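Undergrad: The amino acid sequence is not available; the structure is as follows:
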């Protein structure tokens, strides 16, 4: 079992839709979570960072963490064509440094 | 603030050669991590350096090595290149305080092609 499992894509939605991207993880050590957006042939861009259960909102993006079920989600409201990218979830733990374990990524296409 | 910079952006090498990639972190960041991204395996952690010391290492062979300089700039080296080393190599920088994790910011990557 991979440490971080991410729903496979590709995912295609119409402009203005609410997008839900999901990951599950298997390790229960103290940890934090990040969501990255990666455009084709670019480096990942940090969208959200959280380490506690619950919701964290930033503009059109909401990150949700449920540590009891080991489930993390990213919601995108009012999706735009510019949101078309690959979304990567990552978990890390603070034991001994910064090491992120990534999901495989979900490719999102927002269509006009 | 300037972001993470990586050089070169593109590189073509032949099997058996070695390569050195460079990363300059965000000013003030002391932690530098390296990742390999391939279509088959996704993003995988190579190693992390903090204050010129390797603090974490991923599951890669010894052909992959790195170092960090006193100004926090980092290099990674791959010796005896194999076709399977073709990948996007990403560097991420982070500030750090003991026991606290901070966000990691990625550079644009170096795309290495091994022929």
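TA: That came through fine. These figures come from a predicted structure and were not determined experimentally.
Undergrad: In contact with residue B:76, which residues are there?
TA: Remark: with contacts taken as CB atoms under 8 Å, 6 or more residues apart in numbering or on different chains, residue B:76 is in contact with B:20-21, B:23, B:34, B:46-47, B:64-66, B:89, B:91. No exception for glycine: its C-beta is placed from N, CA and C like everyone else's.
Undergrad: Tabulate these in TSV, adding columns for distance to chain A.
TA: Rendered in TSV, the data for the contacts of residue B:76 read as follows (distance: CB to the nearest CB, whole Å):
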residue	distance to chain A
B:20	19
B:21	13
B:23	11
B:34	11
B:46	10
B:47	9
B:64	15
B:65	17
B:66	14
B:89	10
B:91	8
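Undergrad: Using neighbour counts, trim the residues you listed to the buried set.
TA: When these are checked for burial by 16 or more other CB atoms under 10 Å in any protein chain shown, the buried set is B:21, B:23, B:34, B:46-47, B:64-66, B:89, B:91.
Undergrad: can you pull up the bridge partners for the residue nearest the centre of chain B?
TA: Compute the mean C-alpha point of chain B, and by CA atoms, centre = their mean the closest residue is residue B:34, 2.9 Å away. Residues in a beta bridge with residue B:34, per DSSP bridges, are residue B:47, residue B:91.
Undergrad: what's the pLDDT at it?
TA: pLDDT recorded at residue B:34 is 97.
Undergrad: And the strands in chain B?
TA: All strands of chain B, identified by DSSP state E, fall at B:5-7, B:10-13, B:19-24, B:31-38, B:42-50, B:53-57, B:64-68, B:74-78, B:87-94, B:105-106, B:110-114.
Undergrad: Now do the contacts for residue 54.
TA: Answering for chain A, as no chain was given. Counting by CB under 8 Å, 6+ apart, residue A:54 makes contact with A:64-65.
Undergrad: was after chain B, sorry
TA: Under the criterion of CB under 8 Å, 6+ apart, the neighbours of residue B:54 are B:47-48, B:66.
Undergrad: I'd like a version of those in TSV, one that adds pLDDT and distance to residue B:3 as further columns.
TA: Supplementary listing: those in TSV, determined by pLDDT from 0 to 100; distance: CB to CB, whole Å:
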residue	pLDDT	distance to residue B:3
B:47	94	21
B:48	92	19
B:66	97	20
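Undergrad: which of those lies closest to residue A:50?
TA: Among these, residue B:48 lies closest to residue A:50 (CB to CB), at 20.9 Å.
Undergrad: got the buried residues for stretch B:102-112?
TA: Using 16+ other CB under 10 Å as the test for burial, stretch B:102-112 gives B:102, B:104-112.
Undergrad: if we look at chain A, which of the residues you listed are close to it?
TA: Under the cut-off given by CB under 8 Å from any CB of the partner chain, chain A has B:102, B:104-109, B:111 from the buried residues of stretch B:102-112 close to it.
Undergrad: what's the closest of these to residue B:5?
TA: Distance to residue B:5 across these (CB to CB) is lowest for residue B:107, with 6.0 Å.
Undergrad: Next, the contact list for that closest one, please.
TA: A:43, B:3-6, B:23, B:90-93.
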